[in-house]
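*Asks:* Output the structure for:
(one chain, ligands or ions: 1)
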Amino acid sequence: MRKPLIAGNWKLHKTLAEAQELARTLKDKLQDEQRCELVIAPPFTALAAVAEICRDSPLQLAGQNCYPATEGAFTGELSPTLLQDAGCHYVILGHSERRQLLGETDTFINAKVQAALAAGLKVILCVGENLAQREDGELFDVIATQMRLGLAEITSAQMAEVVIAYEPVWAIGTGRTASADQAAEVHAFIRGLLQGQFSSEVSESTRILYGGSVKPDNISSLMAEPDIDGALVGGASLDSASFVAIAHYPRPLRLAGQ
Ligand SMILES: O=C(CO)COP(=O)(O)O
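*Replies:* Modelled structure (predicted):
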């Protein structure tokens, strides 16, 4: 049984004081959450302070990026080890904003995935097509390439520490969510890729999150899809009430009473 994972990607938001306040409120409101695994990804400047607040709470920390080296002359970069030192259990890699704005390639992202896993960090690997690719019928090719190259050299055993996040670029920050059917179709496709690239066991056990304008009012219909195992939330994770409402999404009707 895959445990649902709800992650908040704060992106380039929150001063230190704002991040601490949000983390304190989330800790207070989500203290008893057991159904879902909870992850927040504050900006680097707030990681250590937020980690202190989240100690002894269900909230785990993620870095928003890392560099594929342990240490060295890499000005402005952070290693997986430094993220762990700041209190992170996870790192988000391959986010479309980094692919688009900073030109990150699948090969570079793969180097980061390998470095993060080797250091003992869990990885949330983001994949997703842009609008032109979807309209040109390239959706499945794009996802297949991002998965194949992004997870190159990763073993089936290491996949226990990897979460995939499907984030269609056209749905990020636009208010335009993929419908539950659209998301489910791609999630099922990704599960098939995992089977081909690794094994049935990996396909069955790997969590696949959906990201792109997830809000309290659409989380339930997304989570009702059997292949959607959680959400990577951007804008709605910046507000405690909406992130808490997403984490407390009502159980899908078909599971009620179980
Ligand atoms: O990019 C995202 C999470 O990584 C999604 O962002 P929004 O929820 O703001 O669309």
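*Asks:* hey, let's count contacts and neighbours off CA atoms from now on
*Replies:* Noted.
*Asks:* What separation do you get for the spatially closest residue to Thr155 that is not a sequence neighbour and Thr174?
*Replies:* With sequence-adjacent residues excluded and distances taken as CA to CA, 6 or more residues apart in numbering, Thr155 is closest to Phe198, at 7.7 Å. Distance, Phe198 to Thr174, by CA to CA, to the nearest Å: 34 Å.
*Asks:* who's more crowded, these two?
*Replies:* In this view Phe198 and Thr174 are compared by other CA atoms under 10 Å, and Phe198 has more residues nearby, 17 against 11.
*Asks:* Now the terminal residues of stretch 221-239, how far apart.
*Replies:* 21 Å.
*Asks:* near the ligand, anything from that stretch?
*Replies:* Yes. Applying CA under 6 Å from any ligand atom, one finds stretch 221-239 touching the ligand at 232-236.
*Asks:* quick one: the helices in the stretch 51-200 of the chain?
*Replies:* Counting by DSSP state H, counting those that start in this stretch, one finds helices in the stretch 51-200 of the chain at the ranges 80-85, 96-101, 106-119, 131-135, 139-150, 180-197, 200-205.
*Asks:* buried ones in the first one?
*Replies:* Buried residues in helix 80-85, counting neighbours by 16 or more other CA atoms under 10 Å, are found at 80-84.
*Asks:* Make a markdown table out of these and add pLDDT and distance to Asp32.
*Replies:* Output for these, formatted as a markdown table (pLDDT from 0 to 100; distance: CA to CA, whole Å):
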| residue | pLDDT | distance to Asp32 |
| --- | --- | --- |
| Pro80 | 98 | 29 |
| Thr81 | 98 | 30 |
| Leu82 | 98 | 29 |
| Leu83 | 98 | 26 |
| Gln84 | 98 | 25 |
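*Asks:* Of these, which is the nearest to the ligand?
*Replies:* Checking the buried residues of helix 80-85 against the ligand with CA to the nearest ligand atom, the nearest one is Leu83 at 18.1 Å.
*Asks:* Alright, that wraps it up for me.
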